[in-house]
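Q: Okay, predicted coordinates and the sequence, questions at the end:
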Amino acid sequence: MAFLELENISKYFGQNAAVENINLSVERGEFLTLLGPSGCGKTTILRMIAGFETPSAGNILLDNEDITNRAASKRPMGMVFQAYALFPHMTAEQNIAFGLNIQRKPKDAIKRRCAELLDLVGLSDKGGSFPHQLSGGQQQRIALARALAVEPKVLLLDEPLSALDAKVRVSLRNEIRHVQQQLKMTAIYVTHDQEEALAISDRIAVMARGHIEQLDHPEEIYSNPRTVFAASFVGNSNQFRGSLVSVREGLFQSGDFLLRVPPQQDLTDGQQAMVLVRPEEMSISPTTEGEVTSENSSGNHISGVIELRTFLGPFTRFHIRVNDHLILTADIPNQQSRDYYVAEHVVLSFSPGACQVLPLDSEESSIVKQAEKETV
Amino acid sequence: MQVGSQSISQRATADAMLSSQRKDQSTRRSFGLDKIVLILVLLYLLIPLGATFVFSIHDGKNFSLGSFQRIMSDADFLTTFPFSIELAIATTILMVILITPTAYWIQLRLPQARPIMDFLTLVPFGVPAIVMAFGLIQVYSSPNTLVSVLSLGLVPFLSNQLNVVNTPPLMVCAYVIIALPFTYRPIDNNLRAINTRVLTEASYSLGSGWWRTFLTVVIPNIWPGIISAALLTFATVMGEFTIASLFSIYTFPIYLDVTGQNDPHKAAALTILSFTITLICVLGIILLVRLRPGGARKDSQIEIGAAK
C-alpha cells in the first residue's frame, strides 16, 4: 500500500466533472507532479488532498488511514500557495511560528525551529521582516519554511513558482527539490509548466480534462509518451497527422509525405494516427531548390525553406516551411547550424526510430488542440 | 569606441538636464494653480467653522468662553452627551460583531450572496429614516399575525414580554440598520483586498480552525476597514435625529436642536465641541491604523485616506 492513495476520486461542480475516477498512489518520500493545462483538474486534486474540497466520490488514504472527510486543519499537510499567502501582519518568523503556536510547542523550541528553517531556506537575516518588505522569491521561501515547520507528512505545492520571474523560478525550483530530498518529504506539486515538471519530479502525472493521461518518470513521459496529449503537452514536437499505410513495414502517409516509422504491433493498417518527431531529432543538410521527399533511403528526408532562425544559446531553432500548411521545427547544435540562414533551401532528415506513432481519435484531436494552445 | 561611448554619455547627461528643467518648469507652472485650488478648498471648509467658533465665543460685545461654560454646567448636556456616546458605542460593538463575521463568511463560503448583501446595504439609503422609525413603532407596538409568523414569534415576544418599543435597545438595532451601508462596504473592501480565501486556507493548512483563523489572521488584516466602519457608525449615531425624535428619546442631537432654538451661541459652541470630538476620533483611528504591525503598507495608506 502506497503512502498516499487516491481511490476512484471524482469531483463535480454542479453538472461539470472537474476530475473523474482518479486513482493515484504516491510513495513515501516521492516528488510527484500533477502537470496539465488550466482546467484539467490538477489543482482540484491537490485541494481535495489538502481538505479544501470534499470529493464527490472516492477515498483518500494517508498512511493507511482514511482522511477523506477530515477537516483541512486536522490533516498533516503543509501547503505552499501560488500567491505566497503569508500573513501580512506577521513577520517572517511569526509566519513560520504560526503553526507551531497552534501545536502549543514550547517557546524556546519554536524559536529554535524558526531559526533552523530560516537557515534552511537561506533567509536567516530576514526573520524580522514583514512580507511586504521581501521579494517574491523570498516570500515563497518563507512560505515553504512555514509549511515545513509543522512537520507535515505531505507537502503540497500549488504552482508555487508561477508568480516569479524566470531566473528566480529556476533557482527556487532547485531549492525546493533540494529541501524535499534533504528532508525525504513526500511532495505533490501542481504546475502547468512542463519544463518545471520534467526538472523537479520523481514522477509526473500528465492530466487532461479531469483524467490522468500518463503517470510515469519524466524521462519516460518525454521520450515515450503514451497518448497524443502527453506527447503534445510535454516538450515541443513536429506533428504529422495521417494514416498508417503498413504497420508491418512501418509506413505512414501524411498528406504528400510517406514517412518511415517503426513497425507497429498494436495498430492496424489504415488507422488514423499522429506521428511526432522531437525538434532535436531533426538534422538539416544543404540541398538544391525543388528537391522532394526521398522515399528510397532508410531515413525520412523532407525539403523546405528556412523561414525563421532563432539562436537559443546551446542550439539554434529553425522553422522550416515545407509547404503552404506545414512548418517544421528543428533544434540544431550551434556547431552545425552556422552555415544555414533564412530563405535557404535545406533538407530535413530524421530516422524512423525518432518517430512516435500514436493512435488518434476525434476526442483526442480536440484535447491536442487545447494542449497546443497551452504550450504556445 | 571610446569617443562613441563618451558622446552617448554626454547626450544622456544633456537629456537628463533637459528633462529635469522641463520637470521644474511644469512643477512651477502647476504649483501655482495647485496652491490656489488648495487655498480655496481650505477656505470653503474653514470659514464656516471659523465663523461658528467666533460666534460661539462672541456674544455681540465681548469675547468670552461663557457659552462653553454654560454647556458644561447644563444638566441636559451632561445627560444626553454620555447617553449618545453609550448608544454609539453599543451600536458600534453590535455592528462589528454582526457584520464582520457575516462579511467574512460571505467572502469565503457564499460569494453568490454578495449581490443580495450589496442590495441590502443600499436599502437604508433608499428608505428614509422617518419611514423606518414609523415602521418600527408600528410593527413593535401592535404586531399583527403576518409579522408574528414572518418573525417566527420573535417580534411579539420582544414587544409584549420585553416591551422594547421606544427603548434604547430597539433604537440601537435601528441604528445598526441605518449604519449598514457605511459598515459593510469598508469591511468587505478590506476582505477582498487581502485575498481572504487563500489566507484562510493557509491558516487551515497550518492547523488553525475557523474562529482562530478569523480572530488571528482575518481581523488583524482588515483592522483598517473595521476602524473605518466603527468611526462611520459612531458618527452616524452621534448625529442621528429622526429615529430618536420619533422614539421620544432625548439624545444629544435632540438636545442640540432644542439648544439651537433657544441659545444660538451655545449651539455654535456645541458644534465646535462635536467637531473637536470627531477630529480626535479620526486622529485616534489614523494612529491606530499606523501603529498596527506592518502598518506602513499601501493598503493602510488607502484606508487612512478613507478614514480622513
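A: Sure, I can see it.
Q: in stretch A:331-343, what's buried?
A: If you call a residue buried by 16 or more other CB atoms under 10 Å in any protein chain shown, then stretch A:331-343 has these buried ones: A:331-332, A:337, A:340. All C-beta atoms are positioned from the backbone trio N, CA, C, and that covers glycine.
Q: Now find how far off-centre it is within its chain.
A: 29 Å (CA atoms, centre = their mean, to the nearest Å).
Q: Low-confidence ranges, the chain, go.
A: Here I'm looking at chain A. Low-confidence segments of chain A, defined by pLDDT under 70: A:288-297, A:362-376.
Q: Switch to chain B, please.
A: B:1-31, B:289, B:291-308.
Q: And the strands in it?
A: With strands called from DSSP state E, chain B shows none.
Q: from the stretch 51-200 of chain B, which residue is nearest to chain A?
A: B:V198 (4.5 Å; CB to the nearest CB).
Q: Touching, that residue and A:L86? I think so.
A: No: here B:V198 lies out of contact with A:L86, judged by CB atoms under 8 Å, at a distance of 10.0 Å.
Q: Show me the strands in the stretch 251-376 of chain A, by range?
A: Using DSSP state E, counting those that start in this stretch, the strands of the stretch 251-376 of chain A run over A:251-254, A:257-260, A:272-277, A:283-286, A:300-311, A:315-321, A:327-333, A:345-350, A:356-359.
Q: Make CSV out of those strands and add distance to B:L33.
A: CSV is the format used below for these (distance: least, CB to CB, whole Å):
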stretch, distance to B:L33
strand A:251-254, 71
strand A:257-260, 72
strand A:272-277, 67
strand A:283-286, 66
strand A:300-311, 53
strand A:315-321, 56
strand A:327-333, 59
strand A:345-350, 66
strand A:356-359, 70
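Q: nearest to chain B, of those strands?
A: That would be strand A:300-311 among the strands of the stretch 251-376 of chain A, by CB to the nearest CB, at 24.3 Å.
Q: Can you give the contact residues for that closest one?
A: A:257, A:259-260, A:287, A:290-294, A:316-323, A:327-328, A:334, A:337, A:340-352, A:355 (CB atoms under 8 Å, 6 or more residues apart in numbering or on different chains).
Q: Recalculate using a threshold of 7 Å.
A: A:257, A:259-260, A:287, A:291-294, A:316-322, A:327-328, A:340-350, A:352 (CB atoms under 7 Å, 6 or more residues apart in numbering or on different chains).
Q: Between B:V198 and A:L86, point out the one with more neighbours.
A: A:L86 (26 against 16; other CB atoms under 10 Å in any protein chain shown).
Q: State the distance from the more buried one to B:L215.
A: Using CB to CB, to the nearest Å, one gets 18 Å for the distance from A:L86 to B:L215.
Q: Any residues of the stretch 51-200 of chain A in contact with chain B? List them.
A: A:52, A:72-73, A:77-79, A:81, A:83, A:85, A:87-90, A:98-99, A:102-103, A:130, A:132, A:150 (CB under 7 Å from any CB of the partner chain).
Q: May I see the ChimeraX selection of the buried members of those?
A: A single ChimeraX command suffices to select whichever of those are buried according to 16+ other CB under 10 Å:
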select /A:52,72,73,77,78,79,81,83,85,87,88,89,90,98,99,102,130,150
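Q: quick one: which of the residues of the stretch 51-200 of chain A next to chain B sit in strands?
A: Using DSSP E, the members of these that fall in strands are A:77-79.
Q: Nearest to A:A197 among the residues you listed?
A: For these, the residue nearest A:A197 by CB to CB is A:M79; the value is 18.6 Å.
Q: Contact partners for the residue nearest to that closest one when sequence neighbours are not counted?
A: Distances taken as CB to CB, 6 or more residues apart in numbering or on different chains place B:S205 nearest to A:M79, at 4.1 Å, with adjacent residues excluded. Residues in contact with B:S205, defined by CB under 7 Å, 6+ apart, are A:50, A:72, A:77-79.
Q: State the number of residues packed around residue 135.
A: Let's take chain A. By the criterion of other CB under 10 Å, A:S135 has 12 neighbours.
Q: You answered for a different chain; I wanted chain B.
A: Applying other CB under 10 Å, we find 12 other residues in the vicinity of B:G135.
Q: ditto for the one 5 residues further on
A: Applying other CB under 10 Å, we find 21 residues neighbouring B:Y140.
Q: swap in A:A97?
A: 22.
Q: Okay, it and chain B: tell me how far apart.
A: 10 Å (CB to the nearest CB, to the nearest Å).
Q: For the nearest residue to that residue once chain neighbours are set aside, pull up the helix or strand it's in.
A: Excluding its sequence neighbours, the residue lying closest to A:A97 (CB to CB, 6+ apart) is A:I110, at 5.0 Å. For A:I110, the enclosing helix or strand under DSSP states H and E is helix A:107-120.
Q: Show me what counts as buried in that helix.
A: For helix A:107-120, a neighbour-count test (16+ other CB under 10 Å) marks A:110, A:113-114, A:117-118, A:120 as buried.
Q: what residues does that helix touch?
A: By CB under 7 Å, 6+ apart, helix A:107-120 touches A:93, A:96-97, A:100-101, A:124, A:127, A:145, A:148-149, A:179.
Q: before we move on, what about stretch A:21-40?
A: Outside stretch A:21-40, the residues that touch it by CB under 7 Å, 6+ apart are A:2-10, A:42, A:45-46, A:177, A:180, A:184, A:186-192, A:194, A:197, A:200-210, A:212, A:233, A:370-371, A:374.
Q: That one: how far from the chain's middle?
A: That offset, for stretch A:21-40, works out to 10 Å (CA atoms, centre = their mean).
Q: for it, which positions count as buried?
A: A:22, A:24-26, A:30-37, A:39-40.
Q: B:A51: which of the residues you listed is nearest?
A: Among the buried residues of stretch A:21-40, and counting by CB to CB, the member closest to B:A51 is A:G39, at 64.9 Å.
Q: Mind picking the two most distant members of the buried residues of stretch A:331-343?
A: Across the buried residues of stretch A:331-343 (CB to CB), the longest gap, 12.7 Å, separates A:D331 and A:Y340.
Q: can you list the contacts of B:S205 in JSON lines and add distance to A:A166?
A: Shown next, in JSON lines, are those (distance: CB to CB, whole Å):
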{"residue": "A:A50", "distance to A:A166": "28"}
{"residue": "A:A72", "distance to A:A166": "32"}
{"residue": "A:M77", "distance to A:A166": "29"}
{"residue": "A:G78", "distance to A:A166": "26"}
{"residue": "A:M79", "distance to A:A166": "24"}
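Q: Please identify which pair of those lies farthest apart.
A: Longest span within these, CB to CB: A:A72 and A:G78, 11.6 Å.
Q: quick revisit: go ahead and measure how far the helix holding A:I110 is from the middle of the chain.
A: The chain centroid and the centroid of helix A:107-120 are separated by 33 Å, computed with CA atoms, centre = their mean.
Q: for stretch A:325-338, same thing?
A: On CA atoms, centre = their mean, the centre of stretch A:325-338 falls 24 Å from the chain's centre.
Q: could you dump that stretch to CSV, C-alpha only?
A: This file holds the C-alpha atoms of stretch A:325-338, laid out as CSV (Å, rounded to 0.1, in the frame of the first residue of the first chain):
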residue,chain,number,x,y,z
HIS,A,325,0.3,24.3,-44.5
LEU,A,326,3.3,22.8,-42.7
ILE,A,327,6.2,24.4,-40.8
LEU,A,328,8.6,22.0,-39.1
THR,A,329,10.9,22.9,-36.3
ALA,A,330,14.5,21.6,-35.9
ASP,A,331,16.8,22.3,-33.0
ILE,A,332,20.3,22.1,-34.3
PRO,A,333,23.5,22.3,-32.2
ASN,A,334,25.3,25.5,-32.9
GLN,A,335,28.4,23.9,-34.5
GLN,A,336,26.2,22.5,-37.2
SER,A,337,23.8,25.5,-37.6
ARG,A,338,26.3,28.2,-38.6
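Q: How about residues contacting that stretch?
A: A:236, A:238, A:279-280, A:282, A:284, A:302, A:304, A:307, A:314-322, A:348.
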